[in-house]
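1. With the input below, show me the fold.
(chains A, B, C and D)
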2 protein chains.
Amino acid sequence: MPRAKYQSIYQDLKAKIEDSTYESGELLPSENVLITQYDCSRNTVRRAIASLAEDGYVQSMHGIGVRVIYQPSAQTSFIMGGIESFSESAERNNRKPGTRVLQLTTLTVDARMSKRTGFPEGEEVWFLQRVRYLDDRPLILDLNMFLTRLVPGLTPEIAEHSVYDYIENVLGMTIVTAKRSYTVERITELDEKWLDLGSYNCMAVITGQVYNADGIMFEYTQSRHRPDYFSFHDTAFRKKR
Amino acid sequence: MPRAKYQSIYQDLKAKIEDSTYESGELLPSENVLITQYDCSRNTVRRAIASLAEDGYVQSMHGIGVRVIYQPSAQTSFIMGGIESFSESAERNNRKPGTRVLQLTTLTVDARMSKRTGFPEGEEVWFLQRVRYLDDRPLILDLNMFLTRLVPGLTPEIAEHSVYDYIENVLGMTIVTAKRSYTVERITELDEKWLDLGSYNCMAVITGQVYNADGIMFEYTQSRHRPDYFSFHDTAFRKKR
DNA sequence: AGCCAAAACTTGTTTAAACAAATTATCCCG
DNA sequence: CGGGATAATTTGTTTAAACAAGTTTTGGCT
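-> Residues are numbered from 1 along each chain as shown, chains lettered A, B, ... in the order given. Next comes the predicted model:
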């Protein structure tokens, strides 16, 4: 459960928006009302509301109030969001996850690899390649590289289950930030060899760097998805001049 | 220029990170130092730092400091981010923009269209279809629908120049929030008819709803990009349990 | 009724203070 | 010299207060 008061207010408001206690298009109760409802200060309420705005749930209007702009998404595809392990995503989308490990070796980062991944040259890393199954169909090709210095003791068994579970619950490392880039690329021989591609000649590709609690980049990842099993959602704001 | 103090601090720190005054991997000066540097309160400094973290520029570490995790991205492709008009994006990526208007009509939203776009049934909307050129090559197919009630007086001339410029500077409406969904879809007959597709049989598709300052959704948009001219960047955070 | 000023209510920004929690540096003692 | 408690430093959370700025309501005057 949330350790901070603003987080519990955020979650309570979020739940009430999702179950239409506060309906889309309406205004939230004013800050003063929420202050008495949650018995807290104005800043704490405002912090919760700011998080909801960041998620695209509400939009503040100066002098007027806070409008609910939430729209439930009826998505049937594989939805990305936040930092999640494959197992977590599959579970959230009500699909049966499966994993086949193709390769697990160590290698030393050279100049070319350093430029591509962002790892310092000379660092030793794990090189892990996996096929991901959703409901028994091979749909995603995952490439992961982990700093062996920070993620020691990887085994095929761990890679088949969940590396993130191992990192967080066995090694005790905290995962914090991920920077990602979304592109669409032509299929490769590896894609064709291992995946069920249908007639697609493109893949949705997510590449990213992941940082731990010390602000050290410990993982580079590339995830190749068959197009119809990929969907990503985002909220953006118009920059003020 | 920024109206608020925290915004100018944010921009100043951002610039100093981008020009390596504060290098990646290093710690920012502590909050107390920044308070004296910028002659402001702690909350104001913290607000600026929170924005930098949201952008993936820094990461705070409890009891230690704020680490810079910025990495400059070599942007060779067409990069999306924030809410921008096509002209603005093209200019930022140093490409010559061009537009050809295919269709500009009005229609009434029926049940099927309402479900797809999120517009209320019965509303009258503009239906606008355009081909977008980058450096004289047809690469993007844009479909826009605007509430005629909120965006009156559209003409092919405006559509060829910039609808957003018309909305903001002529109508005086303020654009605030955009919710987007990124998917990859098979090419359609329209894609093939109007665009230079190479051998791709997929398109990167961005669909979205845009809200104005009153929290009213006034635009539905679908933008179909040729894969090699599309790239989107994002920063995500691991959810705390 | 209509108009206008004032008041009330809303969100936005900034400062100040106190305490909590995590890490690092210091100092004292054996 | 080593170890451990203590102090200092750092970020995290919460409260309180004041003022600014935008919108709506009120009320009074013509």
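2. Which SSE is immediately downstream of the helix-or-strand element of chain A with minimal mean pLDDT?
-> Across the helices and strands of chain A, mean confidence by mean pLDDT, DSSP states H and E is lowest for strand A:79-80: a mean of 62. Remark: after strand A:79-80, the chain's next helix or strand is helix A:86-92, criterion DSSP states H and E.
3. What values do phi and psi take at the closest residue to residue A:40 other than its chain neighbours?
-> Using C-beta to C-beta, 6 or more residues apart in numbering or on different chains and skipping the chain neighbours, the partner closest in space to residue A:40 is residue A:5 (5.9 Å). Glycine gets a C-beta too; all of them are placed from N, C-alpha and C. In terms of degrees, to the nearest 10, the main-chain angles of residue A:5 are phi -70, psi -40.
4. Residue A:5 contacts residue A:45, doesn't it?
-> No - in this structure residue A:5 lies outside contact range of residue A:45 using C-beta atoms under 8 Å: 9.8 Å.
5. So for those two, which residue has more residues nearby?
-> residue A:45 (25 against 16; other C-beta atoms under 10 Å in any protein chain shown).
6. quick one: that one from residue B:140, how far?
-> Separation of residue A:45 from residue B:140 (C-beta to C-beta, to the nearest Å): 42 Å.
7. Which elements pack onto the host helix or strand of residue A:220?
-> For residue A:220, the element it lies in under DSSP H and E is strand A:217-225. Packing partners of strand A:217-225 (3 or more C-beta pairs under 8 Å, 6 or more residues apart in numbering or on different chains; DSSP states H and E): strand A:137-147, strand A:202-212.
8. List just the one of those that sits closest to DNA strand D.
-> strand A:202-212 (13.8 Å; C-beta to the nearest atom of the strand).
9. Need the mean per-residue confidence for the closest one.
-> Averaged across strand A:202-212, the pLDDT comes to 96.
10. Which other helices and strands does that strand contact?
-> Checking 3+ C-beta pairs under 8 Å, 6+ apart, strand A:202-212 ends up next to strand A:175-186, strand A:217-225, strand B:175-186.
11. Neighbouring strands - and their directions - for the second one?
-> Using DSSP bridges, the strands paired with strand A:217-225 in its sheet are strand A:137-147 (antiparallel), strand A:202-212 (antiparallel).
12. quick one: is the very next helix or strand once past it near DNA strand C?
-> Using DSSP H and E, the helix or strand that follows strand A:217-225 in sequence is strand A:231-237. No - counting by C-beta under 7 Å from any atom of the strand, no contacts exist between strand A:231-237 and DNA strand C, the nearest distance being 11.7 Å.
13. re earlier: what do residue A:5 and residue A:45 both touch?
-> Contact criterion C-beta atoms under 8 Å, 6 or more residues apart in numbering or on different chains; residues bridging residue A:5 and residue A:45 by contacting each: residue A:38.
14. that older thread, out of the helices and strands packed on strand A:202-212, which gets nearest to DNA strand C?
-> strand B:175-186 (10.1 Å).
15. ok, residue A:187 - contacts?
-> A:197, A:200, A:201, A:202, A:203.
16. Out of the residues you listed, which is nearest to residue B:133?
-> Of all the contacts of residue A:187, the one with the least separation from residue B:133 (C-beta to C-beta) is residue A:202, at 22.1 Å.
17. what pairs with the closest one across the strands?
-> Here residue A:202, judged by DSSP bridges, has bridge partners residue A:186.
18. ok now do it, which residues does it touch?
-> By C-beta under 8 Å, 6+ apart, the residues touching residue A:202 are A:184, A:185, A:186, A:187, A:227, B:184, B:200, B:201, B:202, B:227.
19. Please repeat the previous calculation with a cut-off of 7 Å.
-> Residue A:202 makes contact with A:184, A:185, A:186, A:187, A:227, B:184, B:200, B:202, B:227, according to C-beta atoms under 7 Å, 6 or more residues apart in numbering or on different chains.
20. For the third one, the count of nearby residues, please.
-> To tie it back to what came earlier, the one meant is residue A:186. Residues near residue A:186, counting by other C-beta under 10 Å, number 15.
21. For residue A:22, see how far away it is.
-> From residue A:186 across to residue A:22, the span is 46 Å (C-beta to C-beta).
22. quick one on the thing from earlier: contacting DNA strand C as well, which ones from the contacts of residue A:202?
-> Near DNA strand C, judged by C-beta under 7 Å from any atom of the strand, there are no entries from these.
23. Could you provide those in JSON lines, with additional columns for distance to residue A:89?
-> Formatted as JSON lines, the contacts of residue A:202 follow (distance: C-beta to C-beta, whole Å):
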{"residue": "A:184", "distance to residue A:89": "20"}
{"residue": "A:185", "distance to residue A:89": "21"}
{"residue": "A:186", "distance to residue A:89": "25"}
{"residue": "A:187", "distance to residue A:89": "22"}
{"residue": "A:227", "distance to residue A:89": "17"}
{"residue": "B:184", "distance to residue A:89": "17"}
{"residue": "B:200", "distance to residue A:89": "27"}
{"residue": "B:202", "distance to residue A:89": "22"}
{"residue": "B:227", "distance to residue A:89": "23"}
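24. Residues contacting stretch A:219-230, please?
-> Stretch A:219-230 has contacts (C-beta under 7 Å, 6+ apart) with A:77-78, A:117-119, A:134, A:139-146, A:191, A:195, A:197, A:200, A:202-210, B:183-185, B:202.
25. Show me which of those residues are buried.
-> Listed as buried from these are A:78, A:117-119, A:134, A:139-146, A:191, A:195, A:197, A:200, A:202-210, B:183-185, B:202; burial here means 16 or more other C-beta atoms under 10 Å in any protein chain shown.
26. Return the set of residues that bridge with the closest residue to residue A:141 other than its chain neighbours.
-> Nearest non-adjacent residue to residue A:141, counting by C-beta to C-beta, 6+ apart: residue A:224, 4.3 Å away. Beta-bridge partners for residue A:224, by DSSP bridges, are residue A:141, residue A:205.
27. same check, this time on residue A:59
-> With DSSP bridges as the rule, residue A:59 is bridged to residue A:67.
28. Quick one: residues contacting it.
-> Taking C-beta under 7 Å, 6+ apart as the test, what residue A:59 contacts is A:53, A:67, A:69, B:176, B:177, B:211, B:215.
29. make it 8 Å
-> Residue A:59 touches A:53, A:66, A:67, A:69, B:176, B:177, B:211, B:215, counting by C-beta under 8 Å, 6+ apart.
30. surely the fourth one meets residue A:55?
-> Right, residue A:69. No - Residue A:69 is beyond contact range of residue A:55, at 10.4 Å (criterion: C-beta under 8 Å).
31. So what does the residue lying closest to residue A:155 once chain neighbours are set aside look like in phi/psi?
-> Sequence neighbours aside, residue A:104 is the residue nearest to residue A:155 in space, at 7.7 Å (criterion: C-beta to C-beta, 6+ apart). The phi and psi values for residue A:104, taken as degrees, to the nearest 10, are phi -140, psi 100.
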